[in-house]
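In: Sequence and predicted structure below; questions after.
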Amino acid sequence: MAFRNRSSSSETEAESGYASGSSTQSLPDIYFTRPHLKFINQQLSKLEPVDVLKWCLTSLPQLWQTSAFGLTGLAIMDMISKLDYAIKPNIELIFLDTLYHFSQTLDLVERVKGRYPDLKIHTYKPEGCETTADFEQKFGERLWEADEERYDYVAKVEPAQRAYRELDVKAVLTGRRKSQGGKRGDLDIIEIDDQGVIKVNPLANWTFKQVQAYIKENDVPTNDLLDQGYRSVGDWHSTQPVTESEDERAGRWKGRQKTECGIHNKRSRYAMFLQEQEDQRQRELSEAIQNGLKIEATS
């Protein structure tokens, strides 16, 4: 089976293997067979994160970073800013503003802009919403309690999909690590999601202490909530401090089985429900057109 990252280049050239490197057309599709992807992950796992980033610059088109400004994402931002490489690391960042972030997180975003003035940040919010009041007028108050699947979709998944579509994202750098626990325990450095987007986790093999050490050594700006016992910070309504004995992300959706917000999961039930609705609408439209043609033919 081949994993594919699609673009609009000539299918003939891509399949022939002779697509010109100087062609003015879009970059070719990227193919990873399962054995090839396994080999790449085995090789990249031997490298330091900076070298993984260098491989990305050489190998992946349309590379972006996604971050909620957690410690690992901040470390990656700093590494990119200091990358000494022949290829300029022109990597822009996507930030999903759910409209329910802590004020400390939004303050950190502004401090990061000051620290890394060359970093371009693209902020995406729930569709049609600029403020929390807009969101609650459209979806109701405390949607995360009334319909958690729908909240994850409209606040996070849909904005991420919209960002990838509008920015023509082919590959993204994420701050996920194995040591964060939950479903991330068997994380690879390179993954392909069900939409065909390549996800790169440069610090997948680093521990929380390694990330902390890097942040301290390089004086990277961090979230003030870290001084209050938080280690992984998301929305204010689903994030709590943790103890030293708990997993790093134990404070996210504490006391529940949930460990991910939906962005890095396979398609949510709500997303599938929306797709089923759209499929049904298309079927009904097609039937209506066919019935109209039959009526016209017999009249």
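Out: Everything's here; your move. Only a predicted model underlies this, so the values are computations on that prediction, with no experimental measurement involved.
In: what about the helices in the stretch 1-150 of the chain?
Out: Here the stretch 1-150 of the chain has its helices, by DSSP state H, counting those that start in this stretch, at 11-16, 34-44, 49-59, 71-81, 103-115, 132-139, 143-146, 148-152.
In: Packed most tightly, which of those helices would that be?
Out: Most buried of these by mean neighbour count (mean count of other CB atoms under 10 Å) is helix 71-81; its value is a mean of 23. All C-beta spots, glycine's among them, are computed from the backbone N, C-alpha and C.
In: Next, name the residue at the spatial heart of the chain.
Out: By CA atoms, centre = their mean, the mean C-alpha position of the chain lies nearest to residue 66, the distance being 5.0 Å.
In: Now for it: which residues touch it?
Out: Neighbour list for residue 66: 73, 93, 94, 95, 96, 160, 172, 173, 174, 263 [criterion: CB atoms under 8 Å, 6 or more residues apart in numbering].
In: Hmm, which of those is lowest in pLDDT?
Out: Ranked by pLDDT, these bottom out at residue 263, which scores 54.
In: give me the beta-bridge partners of the residue nearest to the centre of the chain?
Out: As for beta bridges, residue 66 partners with residue 94 under DSSP bridges.
In: got the helices of the stretch 1-150 of the chain as JSON lines, with distance to residue 124 columns?
Out: Formatted as JSON lines, those follow (distance: least, CB to CB, whole Å):
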{"stretch": "helix 11-16", "distance to residue 124": "30"}
{"stretch": "helix 34-44", "distance to residue 124": "28"}
{"stretch": "helix 49-59", "distance to residue 124": "22"}
{"stretch": "helix 71-81", "distance to residue 124": "15"}
{"stretch": "helix 103-115", "distance to residue 124": "13"}
{"stretch": "helix 132-139", "distance to residue 124": "13"}
{"stretch": "helix 143-146", "distance to residue 124": "18"}
{"stretch": "helix 148-152", "distance to residue 124": "15"}
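In: any idea which of the ones you listed scores lowest on pLDDT?
Out: Ranked by mean pLDDT, the helices of the stretch 1-150 of the chain bottom out at helix 11-16, with a mean of 38.
In: Distance of residue 36 relative to residue 194?
Out: Look at residue 36 and residue 194: by CB to CB, to the nearest Å, they are 19 Å apart.
In: Give the burial count for residue 62, as a bare number.
Out: For residue 62, the count of nearby residues is 18 (other CB atoms under 10 Å).
In: Check residue 141 too.
Out: If we define neighbours as other CB under 10 Å, then residue 141 has 11 of them.
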